[in-house]
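K.L.:
Dropping a prediction and its sequence here:
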Amino acid sequence: MSWQLPVSIKGIILQQGQVILLKNDRMEWELPGGRLEQGETPEECLRREIREELAISCSVLRCVDVWVYEVLEGRHVLIVTYLCETMETDRLKISEEHSEWKSFKVDKIDEVHMPEGYKNSIKKALCI
């Protein structure tokens, strides 16, 4: 039996020792990004999603991590995280998908209410 998973491409945007996170409807913080659409490259998906969610453009630098997240019981998503760069963080404006955005100090990321996989990806991005 094959296992088919939706793929979500997420961006790690680091600025001066901080990472940009968004609050979702489960009241968890998460990385910006979203579902990979048919015909898109992961990089195209991430640029599109960050433009939609934060109203900024970014450069996608490199793949950092890949992991499976159980969003709800029995519902899994393949998460692929990329390190991104932008010079537009002063112009962030979130979409209706999220209730809030915030920059968190990366050395305090373990204290943030978010899935462990995202925390691990952020830590891996710092080591590259």
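P.N.:
Thanks, I have the structure now.
K.L.:
C63 against T81, yeah?
P.N.:
Yes - if you go by CB atoms under 8 Å, C63 and T81 touch, sitting 7.4 Å apart. The C-beta positions use only the backbone N, C-alpha and C, and glycine is treated the same way.
K.L.:
ok, these two, which is more surrounded?
P.N.:
T81 (25 against 14; other CB atoms under 10 Å).
K.L.:
Quickly find the element holding that one.
P.N.:
strand 75-85 (DSSP states H and E).
K.L.:
Please apply the same query to E52.
P.N.:
In this structure, E52 sits in helix 42-54 according to DSSP H and E.
K.L.:
Packing partners of that helix?
P.N.:
If you count contacts as 3 or more CB pairs under 8 Å, 6 or more residues apart in numbering; DSSP states H and E, helix 42-54 packs onto strand 7-15, strand 18-23, strand 33-35, strand 59-72, strand 75-85.
K.L.:
Nearest to M114, out of those?
P.N.:
strand 18-23 (6.9 Å; CB to CB).
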